[in-house]
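Asks: Please find the sequence and the predicted model below.
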Amino acid sequence: QVQLVESGGGSVQVGDSLRLSCVVSGRTIRIYGMGWFRQAHGKERESVAAVSWSGNGTWYSDSVKGRFTISREDAKNTVFLQMNSLKPEDTGVYYCAAGLSHTDYVFNQGYQYDYWGQGTQVTVSS
């Protein structure tokens, strides 16, 4: 059973930073492409960032490009999302996802992922 557990969310001010973590248990993270998604209240879930299983490929949505950084530490079965210069529109529940991968592609669509975490709340106040 593969489980993903996010942590690191919280309430911050505009311009602050947060680092989200996602620990994967039940199977090695090395065979998964990993991604972060978010869902604001009343809105659809959107893809924020993704990293290929090797770590060589990354993708970011235009709304976070230059401010967020996704990284993975396979030895710890963990993927991170460093979020800098936070804005009120970054507010939402952030979900980590893992997609079984046979190629070193970057998955940026929800249907490409097999496992999801429960989410962690990020609130940015002005």
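Replies: Right, received. Where do you want to start?
Asks: Would you point out which residue is most central in the chain?
Replies: In the chain, the residue lying closest to the centroid (C-alpha atoms, centre = their mean) is W36, at 2.1 Å.
Asks: Can you tell me the strand partners of the host helix or strand of that one and which way each runs?
Replies: According to DSSP states H and E, W36 maps onto strand 32-39. Within its sheet, and counting by DSSP bridges, strand 32-39 is paired with strand 46-51 (antiparallel), strand 92-100 (antiparallel).
Asks: what's the closest of these to R72?
Replies: The closest of the strands paired with strand 32-39 to R72 is strand 46-51. By C-beta to C-beta, the value is 5.5 Å. Just so you know, the C-beta spots here come from the backbone N, C-alpha and C atoms, and that holds for glycine as well.
Asks: And the contacts of stretch 97-114?
Replies: With contact meaning C-beta atoms under 8 Å, 6 or more residues apart in numbering, stretch 97-114 is reached by 2, 4, 24, 29, 31-37, 45, 47, 50-54, 56-59, 61, 115-117.
Asks: in the chain, which spans are strands?
Replies: Secondary structure of the chain (DSSP state E): strands at 3-7, 10-13, 18-25, 32-39, 46-51, 58-60, 68-73, 78-83, 92-100, 115-116, 120-125.
Asks: Identify the spatial nearest neighbour of N56, chain neighbours not counted.
Replies: D104 (6.4 Å; C-beta to C-beta, 6 or more residues apart in numbering).
Asks: how far away is the one you found from Y113?
Replies: Remark: distance between D104 and Y113 (C-beta to C-beta, to the nearest Å) = 16 Å.
Asks: same deal with S61?
Replies: 15 Å.
Asks: more neighbours, these two?
Replies: Shown here are S61 and Y113; by other C-beta atoms under 10 Å, Y113 has more neighbours (23 against 16).
Asks: picking up where we left off before, please list the residues outside the strand holding W36 that contact it.
Replies: The contact list for strand 32-39 (C-beta under 8 Å, 6+ apart) reads 20, 22, 24, 45-53, 70, 72, 79, 81, 90, 92-101, 105-108, 110, 112-115, 119, 122.
Asks: Which PyMOL command selects the buried ones in the residues you listed?
Replies: To isolate the buried ones among the contacts of strand 32-39 in PyMOL, judged by 16 or more other C-beta atoms under 10 Å, type:
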select buried, resi 20+22+24+45+47+48+49+50+51+52+53+70+72+79+81+90+92+93+94+95+96+97+98+99+101+106+107+108+110+112+113+115+119+122
